[in-house]
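J.: sequence first, predicted model second:
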Amino acid sequence: MSLQRIDNYQRTVSSGMVFDGNNKVENAFQRKRIFLCLIMEEMELTFRSQKCLDNAGIKLIGQLVQKSASELLDLKNFGRTSLHEIEKNLAEGGLTLEMILDFFPWNGNGNGAELIQILSLQKQGGGFLIHNKAAEILDIDLKEVNQVSKSNLSLLHTKYLLDRLELKFEEDIPYLTDLLKPHRKWLERASIETP
């Protein structure tokens, strides 16, 4: 399998929309945005395949497409059936394994690793939850973040991380606002439901 660059792809997994080049800025943003989305929300995988990826810390589409077939097959409990399932799902979205993503945050420039780590903490359906290992990597004092209330940690973590993402990355990544909208809506709903 040959290595391919993102510019060769014409569709996104989430919309299935074919880009015709009429609006190159929007198209580029849409193509780059998909790589920051959760695998579990964009792909229909079996529980076993999804669990293997989750256990390996592969949560985002961008993390997955940069892997090779042999890297995936080296994962615990990951076999050829899971590999074929993933390759099929990626192909349906115009993507493959072994892609080179040579743009922020995937190119290693700046705070890209921080952004990827934070977005890997997304929960399906909205919100974020910071676990101890991620807090250590991101230099977050969980005791300080959690001191406001112990009742709804996901609510506190989501507000904290959304503020951090918007403060640090929104100016440099115009499509981040669109990516974070579902989390803002989730936060509004959860805030109303939680006294």
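T.: It's in.
J.: going by C-alpha atoms from here, please, whenever you check contacts or count neighbours.
T.: Fine.
J.: can you give the domain ranges for this structure?
T.: 4-100, 112-193 (automatic domain parsing).
J.: wait, residue 121 sits on residue 133?
T.: No - between residue 121 and residue 133 there is no contact under Cα atoms under 8 Å: 11.0 Å.
J.: okay, these two: which has more neighbours?
T.: Between residue 121 and residue 133, counted using other Cα atoms under 10 Å, the more crowded position is residue 121 (21 against 10).
J.: can you pull the contacts of that one?
T.: Listed by Cα atoms under 8 Å, 6 or more residues apart in numbering, the contact partners of residue 121 are 128-130.
J.: who wins for neighbours among the residues you listed?
T.: Tallying neighbours with other Cα under 10 Å puts residue 128 at the head of those, with 26 neighbours.
J.: quick one: that residue from residue 33, how far?
T.: Remark: distance between residue 128 and residue 33 (Cα to Cα, to the nearest Å) = 18 Å.
J.: all the strands of the protein, residue numbers only.
T.: For the chain, applying DSSP state E gives strands covering 4-5, 99-100.
J.: the last one: partners in the sheet, and parallel or antiparallel?
T.: For strand 99-100, the paired strands and their directions (DSSP bridges) read strand 4-5 (parallel).
J.: avg pLDDT for the strand it pairs with?
T.: Over the span of strand 4-5, the pLDDT mean works out to 42.
J.: what of stretch 33-42?
T.: Stretch 33-42 comes out with an average pLDDT of 91.
J.: what's the answer for stretch 79-96, then?
T.: Taken as a whole, stretch 79-96 has a mean pLDDT of 94.
J.: and for stretch 185-195?
T.: For stretch 185-195, mean pLDDT is 81.
J.: list the buried residues in it.
T.: For stretch 185-195, burial by neighbour count (16 or more other Cα atoms under 10 Å) applies to 186-187, 190.
J.: just name the shakiest helix or strand of the protein by mean pLDDT.
T.: Least confident helix or strand, the chain: strand 4-5 with a mean of 42, by mean pLDDT, DSSP states H and E.
J.: okay, and the beta partners of residue 100?
T.: What pairs with residue 100, by the bridge criterion (DSSP bridges), is residue 5.
J.: how far away is it from residue 50?
T.: For residue 100 relative to residue 50 (Cα to Cα), the value is 22 Å.
J.: cool, residue 62 as well?
T.: On the measure of Cα to Cα, residue 62 and residue 50 end up 15 Å apart.
J.: sorry, back to before: to residue 106, which of the domains of the chain lies closest?
T.: Residue 106 lies closest to domain 112-193 among the domains of the chain, at 6.4 Å (Cα to Cα).
J.: span of that closest one from start to end?
T.: In domain 112-193, first residue to last residue: 34 Å (Cα to Cα).
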